[in-house]
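A.B. asks: Here is a sequence together with a model predicted from it:
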2 protein chains.
Amino acid sequence: MKFMDVHHGMTGITADQLKQAHDADLAIQDEERVTFETAWADPDSGLVYCLSEAPDADAVQRIHQRAGHPADEIHPVPLTV
Amino acid sequence: MKFMDVHHGMTGITADQLKQAHDADLAIQDEERVTFETAWADPDSGLVYCLSEAPDADAVQRIHQRAGHPADEIHPVPLTV
């Protein structure tokens, strides 16, 4: 199942910080059978969107929490076009 | 510039409806120099996320409005990883 998760409050995030956060997820994602695919960030609004493939939303959150950046919202997105 | 836009209230959207909505955008997107790349939908929460490449957020909204599904949020996402 694919998931879109959303982080709020990341105002001012830089490209380096986004990459570091994503790398921290990638380093441990296999332990929960999660694959983070892409992350998009808007430094002005502080929103970050992450697309992943995962067994369930809890697995996504466990990786994000252990990496130090829990998500504010996690939505399954079963439909893609 | 890439944009992530969000539609609320699309509860119960089907794969066919998502494709029809996306195709309606694609049919006219060139008139605003917008390229819609991917859309993801969660029929349970009614959330739809669309990723696009566009000159600005207003161009994204004009296409979505003309296609009959104005976005509730449009955020530039200058950072991708």
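C.D. replies: Right, received. Where do you want to start?

A.B. asks: What residues does the spatially most central residue of chain A make contact with?
C.D. replies: Nearest residue to the geometric centre of chain A (CA atoms, centre = their mean): A:Cys50, 3.8 Å. Contacts for A:Cys50 (CB atoms under 8 Å, 6 or more residues apart in numbering or on different chains) come out as A:Met4, A:Asp5, A:Val6, A:His7, A:His22, A:Asp25, A:Phe36, A:Thr38, A:Ala39, A:His64, A:Ala71. For glycine as for every other residue, the C-beta is placed from the backbone atoms N, C-alpha and C.

A.B. asks: can you pull the contacts of the third one?
C.D. replies: Taking CB under 8 Å, 6+ apart as the contact definition, A:Val6 lies against A:Leu47, A:Val48, A:Tyr49, A:Cys50, A:Ala71, A:Asp72, A:Glu73, A:Ile74, A:His75.

A.B. asks: Out of the contacts of A:Cys50, which sit inside strands?
C.D. replies: Among the contacts of A:Cys50, DSSP state E puts A:Met4, A:Asp5, A:Val6, A:His7, A:Phe36, A:Thr38, A:Ala39 in strands.

A.B. asks: I figured the fifth one hits A:Asp30, correct?
C.D. replies: Read it as A:Phe36. No. Checked against CB atoms under 8 Å, the pair A:Phe36 and A:Asp30 is beyond contact range at 10.8 Å.

A.B. asks: Between the two, which is the more surrounded one?
C.D. replies: Taking neighbours as other CB atoms under 10 Å in any protein chain shown, A:Phe36 and A:Asp30 compare with A:Phe36 leading, 23 against 10.

A.B. asks: Can you list the residue ranges for helices in chain A?
C.D. replies: A:15-28, A:57-66 (DSSP state H).

A.B. asks: hmm, who's touching the first one?
C.D. replies: The contact list for helix A:15-28, computed with CB under 8 Å, 6+ apart, reads A:34, A:36, A:39, A:41, A:48, A:50, A:63-64, A:66-69, B:79, B:81.

A.B. asks: quick one on the thing from earlier: in JSON lines: the ones in strands among the contacts of A:Cys50, plus pLDDT.
C.D. replies: JSON lines is the format used below for those (pLDDT from 0 to 100):
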{"residue": "A:Met4", "pLDDT": "98"}
{"residue": "A:Asp5", "pLDDT": "98"}
{"residue": "A:Val6", "pLDDT": "98"}
{"residue": "A:His7", "pLDDT": "98"}
{"residue": "A:Phe36", "pLDDT": "98"}
{"residue": "A:Thr38", "pLDDT": "98"}
{"residue": "A:Ala39", "pLDDT": "98"}
